[in-house]
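Asker: structural data only, the sequence is not supplied:
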């Protein structure tokens with residue numbers, strides 16, 4: 001009987017040891033998994049950083065981008081500019097509010113949340129009829145036409161719109177050229193976004209000096225902030241495919257807050273978005 005009792009105790013002891021060993025093994029595997037996951041994330045981020053650096057003219061230690069300056073004669077404001085590829089771009093968002101000379105702006109542009117501080121940070125928000133300076137187009141003595149929301153019209157290939165003299169509202173192909181210089185759709189957002197001015201850990205590398213910040217937008221009588229950057233284009237995707245111009249929708253460049261992607265998409269013309277102008281090519 002004593003031998004049976006000892007054997008029973010030994011069996012319980014071995015079983016307990018087996019449970020401890022199994023438990024220890026599970027914990028070790030969980031720890032290894034966390035280390036592997038952390039290592040993989042770091043490798044992915046290092047690969048991203050190296051790729052961004054390879055495309056950049058602006059790094060942590062040097063800034064070799066080609067910059068200029070644009071003075072708007074209408075209100076005396078000065079904007080930083082940058083050459084990316086073959087095009088000169090404004091490196092800041094347009095902040096023109098002179099509704100006396102360009103009456104298209106009257107009641108059609110705003111500082112986000114009606115707060116002047118946002119205009120200082122991210123320029124003004126313009127509906128598309130203001131962006132293209134629809135009043136000027138309507139009063140053109142050679143080719144007067146009604147443009148803007150709900151209207152179909154024939155816009156010039158190089159449309160000044162509300163941009164300063166010598167500059168114009170970018171067309172889709174110019175946005176595409178910018179995205180190509182910035183590494184393509186999957187990477188351009190990270191390259192074009194500034195290192196500050198973003199929520200949700202969405203800061204960019206600002207590798208080309210474009211320095212985009214989150215703009216928010218004007219929508220249906222109010223303001224909407226989702227930490228994206230929105231920029232008007234002068235034409236629509238449909239027109240490029242031989243379709244009739246949509247009187248209510250037009251192209252828009254979009255940079256997300258939490259990612260490196262960029263998107264050329266379409267949006268309602270009645271919304272208020274930011275503007276980056278491109279220098280006319282002589």
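Answerer: Yes, it's here. Remember, it's a predicted structure, so these values are computed and weren't measured experimentally.

Asker: please count neighbours and contacts with C-alpha atoms only from this point.
Answerer: Noted.

Asker: strands of the chain, residue ranges please.
Answerer: Counting by DSSP state E, the segments of the chain that form strands are 66-71, 78-84, 87-90, 109-110, 125-126, 167-168, 217-219, 222-224, 229-232, 249-255, 262-268, 278-279.

Asker: so which of these comes closest to residue 144?
Answerer: strand 167-168 (19.0 Å; Cα to Cα).

Asker: picking that back up, so which of the strands of the chain is the most packed in?
Answerer: Highest mean neighbour count among the strands of the chain (mean count of other Cα atoms under 10 Å): strand 125-126, with a mean of 32.

Asker: how far off centre is it?
Answerer: Its chain's average C-alpha position is 15 Å from that of strand 125-126, according to Cα atoms, centre = their mean, to the nearest Å.

Asker: go on, stretch 171-183?
Answerer: Counting by Cα atoms, centre = their mean, stretch 171-183 is centred 13 Å from the centre of its parent chain.

Asker: buried ones in that stretch?
Answerer: Within stretch 171-183, the residues that qualify as buried by neighbour count (16 or more other Cα atoms under 10 Å) are 171, 172, 175, 176, 178, 179, 181, 182, 183.

Asker: between those, which is nearest residue 206?
Answerer: residue 182 (9.9 Å).

Asker: residue 192 is in contact with the closest one, correct?
Answerer: Yes: counting by Cα atoms under 8 Å, residue 192 is a contact partner of residue 182 at 7.0 Å.

Asker: list the contacts for residue 229?
Answerer: Applying Cα atoms under 8 Å, 6 or more residues apart in numbering to residue 229 gives the contacts 212, 213, 214, 215, 216, 254, 255, 256, 257, 274.

Asker: 10 Å - rerun?
Answerer: Applying Cα atoms under 10 Å, 6 or more residues apart in numbering, we find residue 229 in contact with 122, 189, 193, 198, 212-217, 253-257, 262, 273-274.

Asker: ok, and the closest non-adjacent residue to it?
Answerer: Spatial nearest neighbour of residue 229, chain neighbours left out: residue 214 (4.6 Å); criterion: Cα to Cα, 6 or more residues apart in numbering.

Asker: what's the distance between the one you found and residue 198?
Answerer: 6 Å (Cα to Cα, to the nearest Å).

Asker: thinking again about what came up before, would you list the buried residues of stretch 171-183 in a markdown table and tack on distance to residue 165 and pLDDT?
Answerer: Formatted as a markdown table, the buried residues of stretch 171-183 follow (distance: Cα to Cα, whole Å; pLDDT from 0 to 100):
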| residue | distance to residue 165 | pLDDT |
| --- | --- | --- |
| 171 | 17 | 95 |
| 172 | 20 | 95 |
| 175 | 20 | 98 |
| 176 | 23 | 97 |
| 178 | 21 | 98 |
| 179 | 25 | 98 |
| 181 | 26 | 97 |
| 182 | 27 | 96 |
| 183 | 30 | 95 |
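
Asker: tell me which two in the residues you listed are the farthest apart.
Answerer: The span of the buried residues of stretch 171-183, defined through Cα to Cα, is set by 171 and 183 at 19.1 Å.

Asker: tell me, what's touching residue 182 and residue 192 both at once?
Answerer: Residues touching both residue 182 and residue 192 (Cα under 10 Å, 6+ apart): 206, 207, 208, 210, 262.

Asker: count the neighbours of the third one for me.
Answerer: Close neighbours of residue 208, defined as other Cα atoms under 10 Å, add up to 29.

Asker: before we move on, what about the first one?
Answerer: The local packing of residue 206 (other Cα under 10 Å) involves 24 other residues.

Asker: same deal with the second one?
Answerer: Neighbouring residues of residue 207 were enumerated by other Cα under 10 Å; the total is 27.

Asker: list the contacts of it.
Answerer: Counting by Cα under 10 Å, 6+ apart, residue 207 touches 52-60, 63-65, 182, 188, 190-195.

Asker: if we go to 6 Å?
Answerer: 56, 57, 58, 191 (Cα atoms under 6 Å, 6 or more residues apart in numbering).

Asker: now stretch 269-278, how far from the chain's geometric center?
Answerer: Using Cα atoms, centre = their mean, the mean C-alpha position of stretch 269-278 is found 12 Å from that of the whole chain.

Asker: apologies, that question was intended for stretch 70-79.
Answerer: A distance of 24 Å separates the centroid of the chain from that of stretch 70-79, by Cα atoms, centre = their mean.
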